[in-house]
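>>> I need the structure of the sequence given here:
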Amino acid sequence: MMSKSLFLVGVFAVSLGVAPACATKKFVRTSVGEVNDKVGTMGKSLEETQERVRTAEGRIVEVDSKAAAAADSASKANMAAADAANKASEVGKTAEARAAGIEAETRKLIFTTVLSEDRGQFQLGKAELPEDATAAIDNMVNTLKADKKAVWVEIEGHTDNVGDAAFNQQLGLQRAEAVKRYLYEKHQVPLHKINVISYGEEKPVAPNTTRDGRAQNRRVVIKVLA
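Numbering: from 1, shown residues only. The predicted structure follows:
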């Protein structure tokens, strides 16, 4: 009986030792399984997130391409519109020039007034109107008023050949503009009836080799047409 009791005690003790070990292994397997499940779930979520990112990047590239295409189309449309506007402007200018040319051809020259330095008027390198020039313009306008005709005025600016040609071109224009301004401000001649042009040194009326010749070439010519 003693030996049987000892055997039962030993078996019980072994059972107590084995039971906790089995429980521990089961717990570990359960925990590992849960961890694996979580890792698997996280991995799947990560893959889904990456797929969404790739899809979003593809859409962004597509949108950028469409935006670039739209911008290119808009740029081409603007260029086409600008080109059309330029062509229309050129056509308008050509039509105006033709109309002005036809109108000028149909007009008749009434008389011409010359304002030149040899008559004590425009000075060398100057564009200001001296008193002698304004007096000549006043006489011309009084004659026009007495005649009571509808007129058109052409004003030509001329210089000698002393100095730079570009400067002379500008100086001739300034002299002609000075006469135009005087006609408008002093005598209220409508601006649309006044045409101004500069010939600079291109059309001399006397040789530029002498002082007197150069003085004659520094002039403004006023042509009155009806």
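>>> next, the buried residues of stretch 142-157.
144, 152-157 (16 or more other CB atoms under 10 Å). For glycine as for every other residue, the C-beta is placed from the backbone atoms N, C-alpha and C.
>>> what's the lowest-pLDDT member of these?
Minimum pLDDT for those is recorded at Leu144 (85).
>>> which residues of the protein fall in strands?
109-116, 152-158, 194-200, 219-225 (DSSP state E).
>>> what's the closest of these to Glu131?
Between Glu131 and the strands of the chain, the shortest gap by CB to CB is with strand 109-116, which sits at 11.6 Å.
>>> where does the protein dip in pLDDT?
1-40, 42-43, 63, 85-86, 88-105, 117-123 (pLDDT under 70).
>>> how's the protein carved up into domains?
31-106, 108-225 (automatic domain parsing).
>>> end-to-end on the last one?
Right, domain 108-225. In terms of CA to CA, to the nearest Å, the two terminal residues of domain 108-225 are separated by 5 Å.
>>> likewise for stretch 204-221?
First residue to last in stretch 204-221 (CA to CA) measures 12 Å.
>>> coming back round to it: would you turn the strands of the chain into JSON lines with distance to Met140?
Shown next, in JSON lines, are the strands of the chain (distance: least, CB to CB, whole Å):
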{"stretch": "strand 109-116", "distance to Met140": "5"}
{"stretch": "strand 152-158", "distance to Met140": "9"}
{"stretch": "strand 194-200", "distance to Met140": "13"}
{"stretch": "strand 219-225", "distance to Met140": "7"}
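>>> return the distance of the closest residue to Lys108 other than its chain neighbours relative to Pro190.
Closest residue in space to Lys108, ignoring its immediate chain neighbours: Ala226 at 5.7 Å, by CB to CB, 6 or more residues apart in numbering. In this structure, Ala226 and Pro190 are 15 Å apart, going by CB to CB, to the nearest Å.
>>> list phi and psi for the residue lying closest to Gly163 once chain neighbours are set aside.
Using CB to CB, 6+ apart and skipping the chain neighbours, the partner closest in space to Gly163 is Gly125 (7.8 Å). Torsion angles at Gly125 (phi, psi; degrees, to the nearest 10) stand at phi 70, psi 10.
>>> surely Gly125 and Leu171 touch.
Yes - under the criterion of CB atoms under 8 Å, Gly125 makes contact with Leu171 at 7.0 Å.
>>> who has more neighbours out of those two?
Legend: neighbour count by other CB atoms under 10 Å for Gly125 and Leu171, higher for Leu171 (24 against 12).
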